[in-house]
Each structure stands twice: as structure tokens, then as C-alpha cells.
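> The following block contains a protein sequence and its predicted model.
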Amino acid sequence: MSTTELPAVKDAGDHYDQMGGLIEIMGGNIHVGYWTDEDDRTPLLEAINRLTDIVGGKLDLQPGQRLLDIGCGVGVPAIRLGQRVEAEIIGVTISHWQVREATRRVQAAGLRGQVRIEHGDAAALNHPDGSFDAVLMFQALHHAADRGQWLDEMVRVARPGARIVLTEFIEEIPLTVEETQILLAGAMQPPLRYDDMLDAVRATGMVIDDVIDCGDRIRRSYPAYFDRLERHRDELIASFGEERIQEQQDAMGMLLPIYRDKIGYLIITGHKPA
């Protein structure tokens, strides 16, 4: 399959509307896993939960506080946080399908009233300045047509002193023109280098308190994705059809090796100045 044969994707919302239930390959999550070292044999889904817990711990969310989860997917991390802390959590996604599916999952988890999922644009959030005690952007920024606008909005809605956590991919080895086209075809922007990414965050006025550079800790996610897809292929075909599963495998077969070989990962923790 050439880059011109990749499924047409207009934007992140279109991407995730098309992807739909295939997120079950990763247990409903849309982010990578985390392994402690080369000898760690943790299965993919538990490694994904581990990263959720690491990122959630950085938020230091307290009972009664308000959290905005920008690019919340189908709400799996928000639900996990809501089960651990009696905080109000609002998730925002540009995908109409994700809003419906996340709302269903929130209700099934018994968190109606504590966790709410909204349709919205990360470039123009429908919330006033200083509305939240904490803000999370979990592996979403790579979909931004204008990173600066998303980051500005992230900081704008945080109250002074609020904790802000984001995870993002970074370029470790320069991408070729063809590799860049493959990312763009999947509504994913080519990643910034480490220093450029931190400069983009600081340009919002956010103070960076901690950076975890963990590309080596998350890289196993990519072969693990294919292992899990193959292990559950028959069930997936029964649910979605063989053609759709093969299209997904072909598309990921072009995309994920780029992330495995050339792209790292940061967990950035900071705050909005008081």
C-alpha cells in the first residue's frame, strides 16, 4: 500500500470516527504502554494502564477538584481517574463517535455525574479562562494542525497555580519525506525535536516542573499492538469484517514502524503561574 492508498482522513475527528470499535485492540485506550525495563514482561493492556497511572499521578488530582481531559478518547483514562479520586472530570473529544462511546462507558462504570464527555475542539475550548484545577492532554497534541493554539487553550482554561500534564511524541531521528506523508495521511503531525517541544510549551507561559523522556519505555507498544491484533484476529473479523481488519493492519504496518524506529515520547508536568 502506498501513501496515496492510505484511507483518506480529513482530521482527527474523522480519523477516530473511522477507527471506531477497533480501539478494542488496545482495550479501549488510544495511547501507548509503559514497561520498566527490557526484562519487564507486562502484557500490553496492563502496560497501557501503567502509563495511565503514571500520568494520573503527575496530575496530583484531589477530591473536589475539576479536571479537563483534552482529547479524551472514549474516556478510559478519565474513568480510571474518576474511580480513584472523587473529582469532577470533563473529557473533550472532536469525534462524535467517541462522545457516544465514552458516555456509554462512563455510565457503565457508575460515574454519571462525576465524569462527563463533551464534543469540542481543542483549538477553541468551550470553557472560560481559569475553569479547571488541573488539565490533561494525553497523547493528543500530535493531531493538532496548530500546536501553539492547542497549547494556548490548554493553559488558558487552567486556573492560576493549576497542574498541567501532557504527553507527546518527539522526533529522535529525522523523518524522510515519505514518512512525513504517512503520518499526515493519518491526521498525525510530524513530531518536534525535544528542545523545540519544550520551547513550544514554555511559549504558552506554562512553567515546566518535570520532564520524563521515556521513548525506550514505551517502544514495545508497537510490536505488542500487532501481536494482540493477530491473537484476536478471528474475534475482530467477526465484529468488523476481514476487509476492515486487513485495512487496519496494513495502515498500522506503515505507521507504527516509524514510531518504533524514529520517534520518542515525553511526559511533561508543569503548572500555570499564580
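Okay, I see it. Numbers count the residues shown, from 1 in each chain.

> where in the chain is pLDDT low?
Under the criterion of pLDDT under 70, the regions of the chain flagged as low confidence span 1-21.

> ok, and for the longest helix along it, which residues are buried?
Using DSSP state H to define each element, the chain has its longest helix at helix 242-262. Residues of helix 242-262 classed as buried under the neighbour-count rule (16 or more other CB atoms under 10 Å) are 244-245, 247-249, 251-252, 254-256, 258-260, 262. No exception for glycine: its C-beta is placed from N, CA and C like everyone else's.

> Present those as JSON lines; the columns should include distance to A78.
Written out in JSON lines, the entries for the buried residues of helix 242-262 read as follows (distance: CB to CB, whole Å):
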{"residue": "R244", "distance to A78": "27"}
{"residue": "I245", "distance to A78": "28"}
{"residue": "E247", "distance to A78": "29"}
{"residue": "Q248", "distance to A78": "25"}
{"residue": "Q249", "distance to A78": "29"}
{"residue": "A251", "distance to A78": "27"}
{"residue": "M252", "distance to A78": "25"}
{"residue": "M254", "distance to A78": "30"}
{"residue": "L255", "distance to A78": "25"}
{"residue": "L256", "distance to A78": "25"}
{"residue": "I258", "distance to A78": "29"}
{"residue": "Y259", "distance to A78": "24"}
{"residue": "R260", "distance to A78": "28"}
{"residue": "K262", "distance to A78": "30"}
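
> hey, where'd the strands end up in the protein?
Shown for the chain, the strands assigned by DSSP state E span residues 66-70, 88-93, 115-119, 132-138, 158-171, 207-213, 263-271.

> Would you mind putting those into CSV with distance to R231 alongside?
Converted to CSV, these look like this (distance: least, CB to CB, whole Å):
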stretch, distance to R231
strand 66-70, 30
strand 88-93, 28
strand 115-119, 30
strand 132-138, 26
strand 158-171, 26
strand 207-213, 30
strand 263-271, 24
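
> now the closest residue to A47 other than its chain neighbours: how far from R228?
Take A47 and drop its neighbours on the chain: the residue closest to it by CB to CB, 6 or more residues apart in numbering is G33, 2.8 Å away. In this structure, G33 and R228 are 11 Å apart, going by CB to CB, to the nearest Å.

> Compare neighbour counts for those two and give me the winner.
Neighbour tally, G33 and R228, criterion other CB atoms under 10 Å: the higher count belongs to G33, 26 against 18.

> now that one: how far from A200?
25 Å.

> hang on, isn't R163 packed against G56?
No. The pair formed by R163 and G56 falls short of the contact definition of CB atoms under 8 Å, at 11.2 Å.

> tell me, what's touching G33 and R228 both at once?
Here G33 and R228 share the contacting residues L44, scored by CB atoms under 8 Å, 6 or more residues apart in numbering.

> For the residue nearest to A162 when sequence neighbours are not counted, give me its contacts.
Counting by CB to CB, 6+ apart, K272 is the residue found nearest to A162 once chain neighbours are left out, at 5.0 Å. Contacts for K272 (CB under 8 Å, 6+ apart) come out as V155, A158, R159, P160, G161, A162, I164, G205, M206, V207.

> so who does the third one touch?
Same thing as R159. Contact criterion CB under 8 Å, 6+ apart gives G130, S131, F132, D133, K272 as the residues in contact with R159.

> Give the ChimeraX command for selecting the buried subset of those.
In ChimeraX, the members of the contacts of R159 classed as buried (16+ other CB under 10 Å) are selected with the following command:
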select :131,132,133,272
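
> Give me the neighbour count for the residue lying closest to R80 once chain neighbours are set aside.
On the basis of CB to CB, 6+ apart, the spatially nearest residue to R80 that is not a chain neighbour turns out to be T52, at 5.5 Å. Using other CB under 10 Å as the criterion, T52 is surrounded by 21 other residues.
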